[in-house]
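K.L.:
Predicted model, plus sequence, below.
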Amino acid sequence: MGWRIDFLASAPAQDTTSGLSRVVWSLAAALVARGHAARVLFPSQNLSARADARGVTAIPVPDPGAKRRPFGRDIAIGRDASDLLDPDVDVIVGNDEKAGALEWRKRDGGRPVFTMILHDVSLHTFDTLRPLEPSRGPRQKIGNWLDRRTLKRLEARALERAQVILIPSELNRELLRTNYGIQDGRVQLMPNGVPDPVEAGTKANARLALKVPPDVPVLSFIGRTPERQGLPIAVEAFRKIRVIFPGARLLVVGSEAKEEAGVTGMGVVDEITKARVLRASDLFVFPARYEGFGLAPREAMRYGVPVVTSRHVPLEGIDAKGAVRIVGSDDPAEYAAEITGLLADPSLARSMGAAGKAYADSFSYARMAELFERYLAPHLTGPELGPSGPTPRPGGG
């Protein structure tokens, strides 16, 4: 029989704005397909439990909204989620600082096994991004200090209690060592899955739906945190290449962009619109200042779109020259030079897109589920593991 697994996610399954939350839901579904029982606890105002079409049971946790106390909302969600955990669960999985507020009781046999899926080292993200904010005086400095202290306490507590720490890239291993001194065998590499492409028709059909001319160069950017993911660099690089390609367009998804010649800020969109943007694109630009895994560029690669990205995005196992262009600095002029070269050589861009797609296609949720089983099995007395993992239970539950 399979394991019982409770996940704590940061958003509902239908919330497309949180890519890493969608990774949690998709991994849970992949584990259900392999014979386990999975529930996902998530903050919500709608408190009715339900099972989604993939067999994952959704357990809403009361969302208290913003709190004045540093990370007060996360602490409240973690504590309320503690009361909703299945007392007979085999594995509990956290994936952000909310897990630092979780409480549970160990049973005989060492269950549940507490596991952290560490998409990012939150303390490093905080230290990287907060200095980029405009300075607003002493009160802001005091607030940042209080926020950082609380974040470090929550993340450290979660990591200390974790029997298994799953990281999406080797960058996270180094950040765990430098920020928390963690460098033991609990840390295991489990790359995030990349969503399958959504059917959005041909490039011509996608451009027609988006009201984009069929014969102009189209660049795209997808990201919810524009400063972290380099939107200002992308826009400045676009201004430079538009001197050479005056009809070029830049489609910005997930973030607001100031309207200017050729730039279309689309904000948060649904999945079919995002798919159309990628189908319509000649290049995907992602000049991230920091990125723990780089889900957005890998998703673009799965659509066969050539990617120009930064050295801050970890891309283990990829032929950098053949499948992606990595820019060595944050200088918009360097991005403009790479973009111009690819737009001027469509044959090279097509071959790069094909190589990137072959690379990104290897990141599946089924593979994530296999690795999850491999790393958790030594901590659990069952199930019996064969060549394909746990023996499925009848009905997949």
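P.N.:
Arrived safely.
K.L.:
From Arg68, how far off is the residue nearest to Val308 when sequence neighbours are not counted?
P.N.:
Counting by C-beta to C-beta, 6 or more residues apart in numbering, Arg325 is the residue found nearest to Val308 once chain neighbours are left out, at 4.6 Å. Where C-beta positions appear, they are placed from N, C-alpha and C, glycine not excepted. From Arg325 across to Arg68, the span is 45 Å (C-beta to C-beta, to the nearest Å).
K.L.:
what about these two, which has more around it?
P.N.:
For Arg325 versus Arg68, the count of surrounding residues by other C-beta atoms under 10 Å is larger for Arg325: 21 against 5.
K.L.:
residues contacting the more buried one?
P.N.:
Contact partners of Arg325, counting by C-beta atoms under 8 Å, 6 or more residues apart in numbering, are 306-309, 338, 342, 352.
K.L.:
Save those as TSV, and put in secondary structure too.
P.N.:
Compiled in TSV, the contacts of Arg325 are given as follows (DSSP: H, G, I helix; E, B strand; the rest coil):
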residue	secondary structure
Pro306	coil
Val307	strand
Val308	strand
Thr309	strand
Glu338	helix
Leu342	helix
Met352	helix
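K.L.:
Looks to me like Ile5 is in a strand.
P.N.:
Yes. The assignment for Ile5 (three-state DSSP) places it in a strand.
K.L.:
Give me the local confidence score for the residue nearest to Val308.
P.N.:
Per-residue confidence (pLDDT) for Arg325: 94.
K.L.:
From Phe284, how far out is it?
P.N.:
Distance from Arg325 to Phe284, by C-beta to C-beta: 10 Å.
K.L.:
list residues touching both of those two?
P.N.:
With C-beta under 8 Å, 6+ apart as the test, Arg325 and Phe284 both reach 306-308.
K.L.:
just those now: which is nearest Ser220?
P.N.:
Set against Ser220, the nearest of the shared contacts of Arg325 and Phe284 by C-beta to C-beta is Val307 (10.1 Å).
K.L.:
how close does the closest one sit to Asp184?
P.N.:
With C-beta to C-beta as the criterion, Val307 and Asp184 are 34 Å apart.
K.L.:
quick one: which of these two has more around it?
P.N.:
With neighbours defined as other C-beta under 10 Å, Val307 and Asp184 compare such that Val307 has more, 28 against 9.
K.L.:
wait, what's in contact with the nearest residue to Gly356 once chain neighbours are set aside?
P.N.:
Ranked by C-beta to C-beta, 6+ apart and with sequence neighbours excluded, the top spatial neighbour of Gly356 is Met301, at 3.7 Å. By C-beta under 8 Å, 6+ apart, the contact list for Met301 reads 194, 284, 307, 323-324, 353, 356-357, 359-360.
K.L.:
so where do the helices sit in the stretch 1-150 of the chain?
P.N.:
19-33, 72-84, 122-129, 138-161 (DSSP state H, counting those that start in this stretch).
K.L.:
can you put those helices in JSON lines and add mean pLDDT, distance to Gly230 and mean neighbour count?
P.N.:
Converted to JSON lines, those look like this (pLDDT from 0 to 100; distance: least, C-beta to C-beta, whole Å; neighbours: other C-beta atoms under 10 Å):
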{"stretch": "helix 19-33", "mean pLDDT": "91", "distance to Gly230": "16", "mean neighbour count": "23"}
{"stretch": "helix 72-84", "mean pLDDT": "96", "distance to Gly230": "26", "mean neighbour count": "18"}
{"stretch": "helix 122-129", "mean pLDDT": "87", "distance to Gly230": "12", "mean neighbour count": "18"}
{"stretch": "helix 138-161", "mean pLDDT": "94", "distance to Gly230": "22", "mean neighbour count": "15"}
